[in-house]
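Trainee: Generate coordinates for the sequence data below:
(4 chains)
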2 protein chains.
Amino acid sequence: MSKVINIKSVKLSCSQCSLSTLCLPRGLNPEEFEKVASIVQRERPLQRGELLFEIGQPFKSLFAVQSGSIKTLLQTRNGEEQIVGFHMPGELLGFDALGHEEHTCSAIALETSSICELPYHKLNELAHQVPGLSNHFMHLMSNEIADEHGMMLMLGKKSAEERIASFLLSLSVRYSKRGFSPNQFNLTMSRHDIANYLGLAVETISRCISHMQDEGILAADRKYINILDMPRLRTVAGLAERPCTMLEEKVE
Amino acid sequence: MSKVINIKSVKLSCSQCSLSTLCLPRGLNPEEFEKVASIVQRERPLQRGELLFEIGQPFKSLFAVQSGSIKTLLQTRNGEEQIVGFHMPGELLGFDALGHEEHTCSAIALETSSICELPYHKLNELAHQVPGLSNHFMHLMSNEIADEHGMMLMLGKKSAEERIASFLLSLSVRYSKRGFSPNQFNLTMSRHDIANYLGLAVETISRCISHMQDEGILAADRKYINILDMPRLRTVAGLAERPCTMLEEKVE
DNA sequence: CGGCCTATTGACGCTACTCAACATGAGTGG
DNA sequence: CCACTCATGTTGAGTAGCGTCAATAGGCCG
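Mentor: This next block holds a predicted model:
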């Protein structure tokens, strides 16, 4: 939206990238920083729908989203799919593959996306020279585990509307951390993707979003989301400390 | 069941523990092995229902189950709980806390359990001396992430019966890896815990298990499970390669 | 033996899915 | 430029699966 990116700037090094505080450890000295930055590879950007890696491929690298967004998904032999994550700039992908030597999920671009590749064997070499590097990745993995516990809570206990509200809040927080508005943003994924991720039907997504519009909590026009009443959205998401009475306001 | 453990054997070192191949890296030389083993602490066994750690407590150690079993769970301010894992001997706990400096879930003993404590700051010191140690833990974390993706698939896409069948299969595989029968075992958790973990109601667990008994797939008597027809259990779990027709056998 | 907790079974209802029709926007070719 | 198609999203009607409520049975412990 606010930045024009030309082809050359894709070759941006980590030192010019505002997201390096998310991908790389804090507190590296310039020399260490440059060591890590030097192993990062960048290919041409992925187009919408293109595969970054596929389930079963040998694991060679971790990937960081520099711009755009990526979904990761499982596929079963029945042809079912389950989206297990949406990844936005500054976030790393591929941790699930590290223990298996091969990818356990596929990664697909949701829009045109620039990706940084971090070859794992080089990371391993650097780990001996740059103290705190393995720790940094262990922290990221730990956060991913904790986040997925949160998803299990969503899928196991929350209602459709709670899931959607929580999902929008999660996006809001993540956009906000990247310097974008927490209230207005464009979804990069389809309703189908959201439904799949949240364990719901597409129609349920539409209906709940319409309902929250009627309630004045948000305004939505296809991909565009405008959160009008953040506190109530938090209440619907089940994050309020007070007992959840708002949905019964009109009853009786 | 098959082993009598007296009080002194609780002081068992890693070198005598048959599970050390699960907790600790393979391929350590005896010297390295002893270094790692020397930092492992063991307290008195936990009794059923006792807390190993609680959500919000500062993170100091990883824990390994030596005997017994542990459940980990999230708690929300609404008083909801979501069990996020069951841990059996040889499995490690606490990876979710590593990135937060504090525990993001609570751990409770399902039965009398012996636990090994691995102080994190000592592990970190050893990481410099024992190559492959951080890698080992990253592998374990990676596996946990991949497993949780599988749980998201369960909770997002599978029916009640598929979830229960998958759950029993998962236990079967894990018991089997530990030298126990894959067909007969005792559940260490209650129906309530299973229901919570799988995002179902207790009654649904009972009904599905009864139904699978009627179908001759398994025999169950409270905690005791006897899997009579493993292939069909796999089919019900949705793991069969052939289209899933078995549930329609009797229809029309 | 009595009380309590866990598990099972049945009846009923609600949430969210399925099926279907329709609307809207994007992309394509004449 | 418009007409056409296709993909995506919205809305409605009917329904199935699973949750809730309730009653009962069985095991465990004092």
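Trainee: near DNA strand C, which residues of chain A show up?
Mentor: A:Ser159, A:Ala160, A:Glu161, A:Gly199, A:Leu200, A:Ala201, A:Glu203, A:Thr204, A:Arg222 (Cβ under 7 Å from any atom of the strand). Using the backbone N, CA and C atoms, a C-beta is placed for each residue, glycine as well.
Trainee: Quick check: closest non-adjacent residue to the third one.
Mentor: In this structure, A:Glu161 finds its nearest non-sequential neighbour in A:Cys208, 4.9 Å apart by Cβ to Cβ, 6 or more residues apart in numbering or on different chains.
Trainee: Residues contacting whatever helix or strand the one you found lives in, please?
Mentor: Secondary structure from DSSP states H and E places A:Cys208 in helix A:202-214. With Cβ atoms under 8 Å, 6 or more residues apart in numbering or on different chains as the test, helix A:202-214 has contacts from A:160-161, A:164-165, A:191-192, A:194-195, A:198, A:218-220, A:233, A:236.
Trainee: ok, those vs B:Leu98, which is closest?
Mentor: A:Leu198 (27.2 Å; Cβ to Cβ).
Trainee: For A:Glu148, which residues are in contact?
Mentor: Applying Cβ under 8 Å, 6+ apart, the residues contacting A:Glu148 are B:Ile145, B:Glu148, B:His149, B:Met151, B:Met152.
Trainee: again, only using 10 Å
Mentor: A:Val84, A:Gly85, A:Asp96, B:Val84, B:Asp96, B:Glu144, B:Ile145, B:Asp147, B:Glu148, B:His149, B:Met151, B:Met152 (Cβ atoms under 10 Å, 6 or more residues apart in numbering or on different chains).
Trainee: Which of these fall within strands?
Mentor: Among the contacts of A:Glu148, the ones falling in strands (DSSP state E) are A:Val84, A:Gly85, B:Val84.
Trainee: Closest one to DNA strand C out of the residues you listed, please.
Mentor: A:Val84 (16.9 Å; Cβ to the nearest atom of the strand).
Trainee: Next, count neighbours for the closest one.
Mentor: The number of residues packed near A:Val84 is 26, by other Cβ atoms under 10 Å in any protein chain shown.
Trainee: Disregarding residues adjacent in the polypeptide, which is nearest to it?
Mentor: B:His149 (4.5 Å).
Trainee: Can you flag the buried ones in the contacts of helix A:202-214?
Mentor: A:Ala160, A:Glu161, A:Ile164, A:Ala165, A:Arg191, A:Ile194, A:Ala195, A:Leu198, A:Leu218, A:Ala220, A:Leu233, A:Val236 (16 or more other Cβ atoms under 10 Å in any protein chain shown).
Trainee: so what's the last one closest to, chain neighbours aside?
Mentor: This points to A:Val236. A:Ala165 (4.1 Å).
Trainee: And that neighbour, what's its pLDDT?
Mentor: Note on A:Ala165: pLDDT of 97.
Trainee: Likewise for A:Pro45?
Mentor: 88.
Trainee: picking up where we left off before, of the buried ones among the contacts of helix A:202-214, which is the nearest to DNA strand C?
Mentor: Of the buried ones among the contacts of helix A:202-214, the one sitting nearest to DNA strand C (Cβ to the nearest atom of the strand) turns out to be A:Ala160, at 3.8 Å.
Trainee: Could you measure from the closest one over to DNA strand D?
Mentor: In this view, A:Ala160 and DNA strand D are 12 Å apart by Cβ to the nearest atom of the strand, to the nearest Å.
Trainee: rewinding a little: state the distance from the residue nearest to A:Glu161 to A:Pro182.
Mentor: Separation of A:Cys208 from A:Pro182 (Cβ to Cβ, to the nearest Å): 20 Å.
Trainee: Report the angle between the helix or strand containing the residue nearest to A:Val236 and helix A:202-214.
Mentor: Assigned by DSSP H and E, A:Ala165 falls within helix A:160-177. Using axes from the mean of the first three to the mean of the last three Cα atoms, to 10 degrees, the inter-axis angle of helix A:160-177 relative to helix A:202-214 is 70 degrees.
Trainee: And the buried ones among the contacts of helix A:202-214, which is closest to DNA strand D?
Mentor: Of the buried ones among the contacts of helix A:202-214, the one sitting nearest to DNA strand D (Cβ to the nearest atom of the strand) turns out to be A:Arg191, at 3.6 Å.
Trainee: The closest one and A:Lys223 touch, don't they?
Mentor: Yes: A:Arg191 lies in contact with A:Lys223 (Cβ atoms under 10 Å); the separation is 9.4 Å.
Trainee: For A:Ser113, which residues count as its bridge partners?
Mentor: Beta bridges link A:Ser113 to A:Leu46, judged by DSSP bridges.
Trainee: residues in contact with it?
Mentor: A:Ser113 touches A:45-48, A:50, A:52, A:65-70, A:87-89, A:188, counting by Cβ under 10 Å, 6+ apart.
Trainee: out of those, who's nearest A:Ser170?
Mentor: A:Met88 (10.5 Å).
Trainee: and A:Gln75, how many residues sit next to it?
Mentor: Neighbours around A:Gln75, by other Cβ under 10 Å: 15.
Trainee: I'd say it and A:Glu81 touch.
Mentor: Yes: if you go by Cβ under 10 Å, A:Gln75 and A:Glu81 touch, sitting 5.5 Å apart.
Trainee: Which neighbours do the two have in common?
Mentor: With Cβ under 10 Å, 6+ apart as the test, A:Gln75 and A:Glu81 both reach A:Ser106, B:Leu153.
Trainee: Which parts of chain A are strands?
Mentor: A:41-42, A:51-53, A:61-67, A:70-75, A:81-87, A:92-93, A:106-109, A:114-119, A:184-186, A:218-221, A:224-227.
Trainee: Let me have the ones you listed in a markdown table, adding distance to B:Leu171 as columns.
Mentor: Formatted as a markdown table, the strands of chain A follow (distance: least, Cβ to Cβ, whole Å):
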| stretch | distance to B:Leu171 |
| --- | --- |
| strand A:41-42 | 42 |
| strand A:51-53 | 31 |
| strand A:61-67 | 32 |
| strand A:70-75 | 21 |
| strand A:81-87 | 22 |
| strand A:92-93 | 30 |
| strand A:106-109 | 28 |
| strand A:114-119 | 37 |
| strand A:184-186 | 43 |
| strand A:218-221 | 43 |
| strand A:224-227 | 42 |
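Trainee: Good, wrapping up.
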